[in-house]
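Undergrad: here is a sequence with its predicted model. Questions after.
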Amino acid sequence: MTVTAVIGSQWGDEGKGKVVDYLAEHVDYVARFNGGNNAGHTVINEFGTFKIHLVPSGIFAKSAIGLIGGGVVIDPRVLIEEIEMLNKAGVGVDGRLWISPRSHLIMPYHKILDGLYEQAKGEGATGTTLRGIGPVFADKVSYNGIRWSDFTSDAFESRLKVQMELKNKIIIALDGQALKYNEVRDLYRSYYEKVKPYIQELFSLVQAGLKAGKNFLLEQAMGTFLDTDWGTYPFVTASTTIPSAASAGLGIPPRYITSVVGVTKAYTTRVGAGPLPSEIHDTSTEVYEQFAEVAATTGRIRRVGWLDLEIVRTAVLLSGVTELCLTKLDVLSGLKDIQVCVGYKLNGKDVTYVDVDSYGLDKVELVYKTIKGWKEDISKAKNFDDLPAEAKDYVKLIEEAVGVPVKWIGVGPEREATIRR
Ligand code: IMP
């Protein structure tokens, strides 16, 4: 039995979708345990190119059963569209995608409130994806949430009525447009009818799988430094993103997790506000051009920076990462020199990410190591030895600084563009 958690070691967008799709080939279960459709995973394989937000990225492995745990928050419209898209593309999710009745629903008022709160915060806004994530998790932990299981009794109507009265008051106070109870109720009832065939309590399924020694792949959404507790608070997301969340979000006891794959992009990116210590601010530079990306969920341009090994090292320690998957190494090809942040100093003293916390990150001085770049196109490399010496040095530098092996290296967006060591 293997229970492998795949986590991003930076601020999300490390390329976890591709890695999960690649690793899912020999697994029995692929599962999402946190976040919602704020996540955007790009997967390119024999079925086509997909941007998926809720269904586990490992669903393309025909033998795998997909699970969406109770720790995930669901926008039903997005889920329905995704299921339809995957079925149309021949992926066939019916009968092998199961959603926990414990998962909470993102309601229209959550999305409205997300926008109104951001507006009210002005300069201090988080830069959320506006998918309603903060408000739905706030409702979950303040006992105001609505779950799929509420549809099995009259709880849905009665809970919705109370929530809409409350939420409309807040919306109106913030100059927003109030919502109509009947419309929301009917819309969500129709969503429930469509999603119902996929809803099933996961507990016995998961327990039976663990007992039978099946292989699980647990797919984190977002990244380590967007974690509510360990991220750059308040510029974080509303769910726990480290692997311990998989236990709560799926009902898998922590002792069953056998390995943790840390997905690390060969440089750093971030969407939204908040500290990004190794950020490259000069947008006219060649390196900025090379690293610039468009976010899969919101279409926003991501902020970019050099690889920050203090960040990756912290993620490795925090999540018990056993091996790294380095992604997008090919993006660095052509750079004359490559900078890597190997540590932080504050007032001349070595400090860690955890020492300085979120606001101190703006004050730390970054210690960089410069290594020689390579000119060669590495996108066709199949083995580690096919890489230029400088690229190999880059990989070795990461391993030394972080203390775990780099087992896979991504050299292109397709599933096959992966070197296994
Ligand atoms: P929220 O999760 O939409 O509330 O946004 C909170 C912060 O997390 C913002 O900075 C978002 O840009 C960021 N964020 C949320 N989901 C992702 C993701 O999948 N990748 C990268 N950043 C994300």
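TA: Sure thing, it's come through. Everything numeric here is computed off the predicted structure, so don't read it as measured data. Residues are numbered from 1 along each chain as shown.
Undergrad: all helices of this protein, in order?
TA: In the chain, the segments counted as helices under DSSP state H are 16-23, 76-88, 108-121, 133-141, 155-173, 181-195, 203-211, 244-250, 286-291, 309-319, 353-360, 389-402.
Undergrad: tell me which of these lies nearest to Val6.
TA: Comparing the helices of the chain against Val6 with Cβ to Cβ, the closest turns out to be helix 16-23 (5.5 Å). To be clear about C-beta, it is placed using only N, CA and C from the backbone, and glycine gets the same treatment.
Undergrad: residues of this structure that sit close to the ligand?
TA: Proximity of the chain to the ligand, by Cβ under 6 Å from any ligand atom, involves residues 11-13, 38-40, 126-129, 131, 133-134, 221-222, 226, 235, 237-238, 271-272, 297.
Undergrad: for the residue of the chain found nearest the ligand, which non-adjacent residue is spatially closest?
TA: Residue of the chain nearest the ligand, by Cβ to the nearest ligand atom: Gly272 (2.2 Å). Leaving aside its sequence neighbours, Gly272 sits nearest to Gly127 (Cβ to Cβ, 6 or more residues apart in numbering; 3.1 Å).
Undergrad: list the contacts for the one you found?
TA: Applying Cβ atoms under 8 Å, 6 or more residues apart in numbering, we find Gly127 in contact with 118, 235, 271-274.
Undergrad: same check, this time on Tyr143
TA: So Tyr143 contacts nothing (Cβ under 8 Å, 6+ apart).
Undergrad: how far away is it from Val93?
TA: According to Cβ to Cβ, to the nearest Å, Tyr143 stands 32 Å off from Val93.
Undergrad: repeat for Val136
TA: Val136 sits at a distance of 24 Å from Val93 (criterion: Cβ to Cβ).
Undergrad: more neighbours: which of the two?
TA: Between Val136 and Val93, counting by other Cβ atoms under 10 Å, Val136 is the more crowded of the two (27 against 20).
Undergrad: would you agree the more buried one is in contact with Val73?
TA: Yes: if you go by Cβ atoms under 8 Å, Val136 and Val73 touch, sitting 4.7 Å apart.
Undergrad: in the stretch 1-150 of the chain, which spans are strands?
TA: For the stretch 1-150 of the chain, the strands defined by DSSP state E, counting those that start in this stretch occupy 3-8, 29-32, 41-45, 48-52, 65-68, 73-74, 97-99, 104-105.
Undergrad: contacts for the last one?
TA: What that stands for is strand 104-105. Strand 104-105 has contacts (Cβ under 8 Å, 6+ apart) with 73-76, 136-137, 139-140, 145-148, 188.
Undergrad: C-alpha coordinates for stretch 355-375, CSV please?
TA: Taking C-alpha atoms only, stretch 355-375 is exported to CSV below (Å, rounded to 0.1, in the frame of the first residue of the first chain):
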residue,chain,number,x,y,z
ASP,A,355,11.7,33.3,12.4
VAL,A,356,10.5,36.4,10.6
ASP,A,357,6.9,35.5,9.8
SER,A,358,4.8,37.3,7.1
TYR,A,359,5.6,40.9,7.7
GLY,A,360,9.3,40.4,8.4
LEU,A,361,9.7,38.9,5.0
ASP,A,362,9.8,42.4,3.5
LYS,A,363,12.8,43.3,5.6
VAL,A,364,15.0,40.2,5.1
GLU,A,365,18.1,40.4,3.0
LEU,A,366,18.3,37.5,0.5
VAL,A,367,21.5,35.6,0.1
TYR,A,368,21.9,34.6,-3.5
LYS,A,369,24.2,32.1,-5.2
THR,A,370,24.8,32.7,-8.9
ILE,A,371,25.2,29.7,-11.1
LYS,A,372,26.0,29.5,-14.8
GLY,A,373,23.0,28.9,-17.1
TRP,A,374,22.8,26.7,-20.2
LYS,A,375,21.9,27.4,-23.7
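Undergrad: still on that earlier bit, so for Val136 and Val73, which residues contact both of them?
TA: 36, 104-106.
Undergrad: top of these by number of neighbours, please.
TA: For the shared contacts of Val136 and Val73, the largest number of neighbours (other Cβ under 10 Å) sits with Gly36, at 32 neighbours.
Undergrad: ok, Phe203 - how many residues close by?
TA: The burial count assigned to Phe203 is 13, neighbours taken as other Cβ under 10 Å.
Undergrad: now Leu329: closest residue in space, sequence neighbours ignored.
TA: Ala266 (4.7 Å).
Undergrad: now Leu86
TA: Leaving aside its sequence neighbours, Leu86 sits nearest to Val93 (Cβ to Cβ, 6+ apart; 5.1 Å).
Undergrad: what's the spacing between the one you found and Ala39?
TA: Distance, Val93 to Ala39, by Cβ to Cβ: 17 Å.
Undergrad: next one: Arg159
TA: On the measure of Cβ to Cβ, Arg159 and Ala39 end up 26 Å apart.
Undergrad: of the two, which one has the most company?
TA: Between Arg159 and Ala39, Ala39 has the larger neighbour count (other Cβ under 10 Å), namely 30 against 15.
Undergrad: contact partners for the closest residue to that one other than its chain neighbours?
TA: Setting aside the residues directly before and after it, Ala39 is nearest to Ala221 in space (Cβ to Cβ, 6+ apart), at 3.5 Å. Taking Cβ under 8 Å, 6+ apart, we find Ala221 in contact with 12, 32, 34-36, 38-39, 41, 72, 239, 241.
Undergrad: scan these and report the most crowded one.
TA: The most crowded member of the contacts of Ala221 is Arg32, carrying 34 neighbours; neighbours defined as other Cβ under 10 Å.
Undergrad: give me the beta-bridge partners of that residue?
TA: Beta bridges link Arg32 to Ile68, Glu219 when assigned by DSSP bridges.
Undergrad: Arg270 too?
TA: Arg270 has these beta-bridge partners by DSSP bridges: Arg303.
Undergrad: contacting residues for Lys16?
TA: Shown in contact with Lys16 (Cβ under 8 Å, 6+ apart): 6-8, 41, 57, 219-220, 263.
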